[in-house]
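> Any chance you can model this:
(chains A and B)
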There are 2 protein chains.
Amino acid sequence: MSSTLSEAQRKTLQDEIKALGDEIRALKTDKADPQLIKERVAAMLQKKAALGDEQPSGKFVLKTPKGTRDYGPASMAVRESVLKTVTASFKKHGAETIDTPVFELREVLMGKYGEEGGKLVYDLQDQGGELLSMRYDLTVPFARYLAMNKITNIKRYHIAKVYRRDQPVMTRGRYREFYQCDFDIAGQYDLMLPEAECLKIVDEVLSGLEIGDFYVNLNHRLILEGMFAVAGIPADKFKTICSSVDKLDKTPWAEVEEEMIKEKGLNSEQTTKLGAFVRFREINPTLSNSELLSKIAELEGLSNNDKFKKGVSELQVLIEYCDIYGIKSVKFEPALARGLDYYTGAIYEAVAPKALEGTAVEKAEDAEGQPAGVGSVAAGGRYDGLVGMFSPKANVPCVGVSFGIERLFAIKEARQAAQSVLRTSETEVFVASAQKNLLKERMKICKELWDDGIKAEFAYKANPKLLTQLQYCEERKIPLVIIIGEREIQEKIVKLRNVASREEEDVPLSSLANAIREKISKLL
Amino acid sequence: MSSTLSEAQRKTLQDEIKALGDEIRALKTDKADPQLIKERVAAMLQKKAALGDEQPSGKFVLKTPKGTRDYGPASMAVRESVLKTVTASFKKHGAETIDTPVFELREVLMGKYGEEGGKLVYDLQDQGGELLSMRYDLTVPFARYLAMNKITNIKRYHIAKVYRRDQPVMTRGRYREFYQCDFDIAGQYDLMLPEAECLKIVDEVLSGLEIGDFYVNLNHRLILEGMFAVAGIPADKFKTICSSVDKLDKTPWAEVEEEMIKEKGLNSEQTTKLGAFVRFREINPTLSNSELLSKIAELEGLSNNDKFKKGVSELQVLIEYCDIYGIKSVKFEPALARGLDYYTGAIYEAVAPKALEGTAVEKAEDAEGQPAGVGSVAAGGRYDGLVGMFSPKANVPCVGVSFGIERLFAIKEARQAAQSVLRTSETEVFVASAQKNLLKERMKICKELWDDGIKAEFAYKANPKLLTQLQYCEERKIPLVIIIGEREIQEKIVKLRNVASREEEDVPLSSLANAIREKISKLL
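As a prediction, this is how the structure comes out:
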């Protein structure tokens, strides 16, 4: 691998190594933080290794890249069980799935994530071909896919990893490589029908995952724009004031108001008006969603604002559809003001405030003085303009929801750790022997079980100890164990034992698979 | 994104753009191939865009990176069904699953893939942190994972994409981004037990996928080394002569012999001896595996070679275990000589020569004058030294198998296209209306079905035409359709129609879900 560098690349590396060497000497002279010095030395060794001049003498640190981690069997088992619930719901609603390459032409991603987001995109090295970057989310690749293939109608989900060169905070679950899980409906359809189905899916998935109480805040871009206009807030302050308003779920009004006045240049007349609007649910805690929507539309000024009225009438339809679908988790929340870079209509965000209650994660976070809640576990909305960024003539309205799947993984992991029910393999029965020289007998029984569709294992040792075999079953939570000895082989039977209860019974070899299936079905 | 470039990077880009401009002018003067000119222009525009000086005026070509493609719903449906069979077999044998980051520290991959492989590794740009490269396979990350976590025992599978900057040949299925699907057993176990389980899994998976006849060639590194030594072939020619011998499955002996003499410097005494060894199965087509092993060990010279004898006695054990497991697909093949960069013991490779017979792919390939066979669909062996490359003191012997999962996807895709049975969604019933103004009725029925676990869809239109709704069902191969009208609503019934046979019956709303379940179970 070392020979693929161009002369220019070698030169650059050599310069960087020299600069790092100078820096390290200076740091040592200054008696700087040893950790910092260590990091700079590691960086220099890595560059030297890349240059190929000096091998790092087999002594480099074995680690995964910064901000990434391996998913071991326990994490993967949680992931699989969460994704099973999620994909079952997507499929119940007729969704297809797609996948796209992990990297895109750099141009495809450029200009899609604002100034901040753009800086966090991973670029691939120019190795003499196209300029490529790692995908930053699944939405832009989806829009590119629709535009490129001239697809105007699709209901699809996409579960895949995305990449952000963010400052990682592993303890808070912020990684540089993480899964996203998106469901989207593209196509020209009648008002609010796709939105209602997205909310139904959110409701189904979060109920199905059993993460405790959750609710879904609902708002509309036009409602926000209308309220801001009536409050006299200039259009160019829309985004910055949105980000203040959005803090109202965690921060008292007085603080938010102070920020808007002192940092963002609003006056108290503006904030007073705005407060009456965005705090409308807070002020009227007993009203239903449709009552809230009717009443807020009667407030001074709002009743004459066309944008506002359009937003309200759309949400009224959506709320009615949610009622039909039996969705009780949705709450109209005029202070929800998130993700407005590209959303054009309804927006929603699901919150599960008590999902980590009683888990080790909650305690760990409390110790850091951080709140134990997990914030958003799903969010989405309507975005009608994105496909047009790739194909200006295309009119492909979209609406979707992205599950905070890493948070859901973390919640389930914490909850399952508390219950210690997790299994990383699905083995139903272990074939053990009580005496020596029964290897081939164990193999024959396993063969019959495998061919019969039973999940079975045995020890890869000629003469394993019975105790070792039984311990393996207990450690791995394998529910059943078969024990054979000379007597059993002569009588063509096996001892079938329940690992937990230690109950045993003799079962004829000829009906073994059925006996196992029956016991397993009772254990579930 | 354009502002993340350092001054040095800008300078490099500017130089490259200038060079490309010069090249394009020269090509135009020479009236070179317009396609080539177009490519160079595109490369220049891309670099200009990266520089941020000139936006490509929204007119860049919408495509995926070279050598990659999107997986649309049809491909994903094939992938899901293949992976379901594969993972079911892995789980039946007690395997866990893991995942690792898509990129690794560059040092982790360095020196693991030989000179050729090393050149094909994708590097990430140095954006001021660690030097990273995209994973090239799943085996090296697995060894890194074991060494890093000091794991000495695991039976795991890993299904994920890997990256190679190879010259892509899309028509032959060679891509730069593709899935690998590996099953490996790490740990110190008794002779040939893990190998036998790997072969059982290969047998199960390939039978389960129904891709037609297949067989598994089996050999051993020590058998190859012994044969080569007895034939007088110097050790430094081991790899190059292996690559000649390995061609014997497609090339006649005379051609292979000529290559070894003319290009690789063997003499005819050496090739004559080697030929008698490596063609032993070809010469004795009627012998069983154990007969072949016994007889080949009697050949002059081989009977005295310790390596050879050890290899043979190991394979004799493995063949006996395969017999116990009822594996009929395994064939001892002394000419199998593949993947010997890191294999240390038994090696095997599964071939499905007729998997594409009768499919469109076979015909397309014939037209290109290429053979229709698909070659290797799974391969593996024992590799006891890899973990030690990361952790010299660790002794973690490994054995595994990697399925040619992209080939298996392609085979299933071609076969299913021939049968046109493919569905991309799992919708069981579509809820249609025969009259106007029944949107909410359709929604209510869907809601009940969803809540009952039935996969259901309806049109996102207030007043869709019945014909349009029925056409959608036929296109998407949705098996059942519910049709409601005023009469049905009054009588609290629905019409349930089989889309294919057009048989209809009235079903009471109260027992609808059960009626659908019953019909679906009969259709399967």
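
> rest of the way, CA atoms for contacts and neighbours
OK.

> burial measure for A:Leu193, as a count.
Using other CA atoms under 10 Å in any protein chain shown, A:Leu193 has 19 other residues around it.

> Spell out which residues sit in contact with it, please.
A:318, A:321, B:460-461 (CA atoms under 8 Å, 6 or more residues apart in numbering or on different chains).

> For A:Thr272, identify the helix or strand it belongs to.
Per DSSP states H and E: A:Thr272 is located in helix A:268-278.

> Now do the buried residues in that helix.
A:270-271, A:273-278 (16 or more other CA atoms under 10 Å in any protein chain shown).

> now stretch A:155-170, how far from the centre of its chain.
Mean C-alpha position of stretch A:155-170 versus that of the full chain (CA atoms, centre = their mean, to the nearest Å) differs by 7 Å.

> what do you get for stretch A:73-85?
Worked out by CA atoms, centre = their mean, stretch A:73-85 lies 12 Å from the chain centre.

> Any part of it near chain B?
Yes. Using CA under 8 Å from any CA of the partner chain, a contact is recorded between stretch A:73-85 and chain B, made by A:73, A:76-77.

> Mind listing what's buried along stretch A:309-322?
A:309, A:311-312, A:314-322.

> Work out the gap between that stretch and the centre of the chain.
So, by CA atoms, centre = their mean, the centroid of stretch A:309-322 is 29 Å from its chain's centroid.

> would you put the C-alpha positions of that stretch in PDB?
What follows is stretch A:309-322 as a C-alpha-only set of coordinates in PDB (Å, rounded to 0.1, in the frame of the first residue of the first chain):
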ATOM      1  CA  LYS A 309     -54.700  29.900   8.100                       C
ATOM      2  CA  LYS A 310     -53.400  27.400   5.400                       C
ATOM      3  CA  GLY A 311     -51.100  25.800   7.900                       C
ATOM      4  CA  VAL A 312     -53.900  25.500  10.500                       C
ATOM      5  CA  SER A 313     -56.400  24.000   8.000                       C
ATOM      6  CA  GLU A 314     -53.900  21.500   6.800                       C
ATOM      7  CA  LEU A 315     -53.100  20.400  10.400                       C
ATOM      8  CA  GLN A 316     -56.800  20.200  11.100                       C
ATOM      9  CA  VAL A 317     -57.100  17.600   8.300                       C
ATOM     10  CA  LEU A 318     -54.100  15.700   9.600                       C
ATOM     11  CA  ILE A 319     -55.400  15.700  13.200                       C
ATOM     12  CA  GLU A 320     -58.700  14.200  11.900                       C
ATOM     13  CA  TYR A 321     -56.800  11.500  10.000                       C
ATOM     14  CA  CYS A 322     -54.800  10.700  13.100                       C
END
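
> Touching that stretch from outside, list them.
A:191-193, A:195-196, A:199-200, A:219-223, A:289-290, A:293, A:297, A:302-303, A:328, A:330, A:345-346.

> thinking again about what came up before, same for the helix or strand that the helix holding A:Thr272 is followed by, what does it pack against?
Note on helix A:268-278: by DSSP H and E, the next helix or strand toward the C-terminus is helix A:280-283. Where contact means 3 or more CA pairs under 8 Å, 6 or more residues apart in numbering or on different chains; DSSP states H and E, helix A:280-283 is packed against helix A:289-296.

> any residues touching the helix it packs on, and which ones?
Here helix A:289-296 has contacts from A:277, A:280-281, A:284, A:302, A:312, A:315-316, A:319, A:331-332, using CA under 8 Å, 6+ apart.

> Who are the contact partners of the closest residue in space to A:Leu124 that isn't next to it in sequence?
Nearest non-adjacent residue to A:Leu124, counting by CA to CA, 6 or more residues apart in numbering or on different chains: B:Leu124, 4.0 Å away. B:Leu124 makes contact with A:122-125, B:131-134, according to CA under 8 Å, 6+ apart.

> tell me the pLDDT at B:Leu124?
Here the pLDDT value assigned to B:Leu124 is 96.

> For B:Ala88, see how far away it is.
35 Å (CA to CA, to the nearest Å).

> so where's chain A shaky on pLDDT?
A:1-9, A:31-36, A:39, A:49-60, A:360-374, A:418-421 (pLDDT under 70).

> Could you find the closest non-adjacent residue to A:Met170?
Nearest residue to A:Met170, sequence neighbours excluded (CA to CA, 6+ apart): A:Gly67, at 7.2 Å.

> ok, now which ones touch the one you found?
So A:Gly67 contacts A:167-170, A:174-177 (CA under 8 Å, 6+ apart).

> ok so, going back, could you single out the nearest of the residues of stretch A:73-85 next to chain B to chain B?
Proximity of the residues of stretch A:73-85 next to chain B to chain B (CA to the nearest CA) peaks at A:Pro73, which lies at 5.3 Å.

> Tell me who's in contact with the closest one.
A:424, B:96-98.
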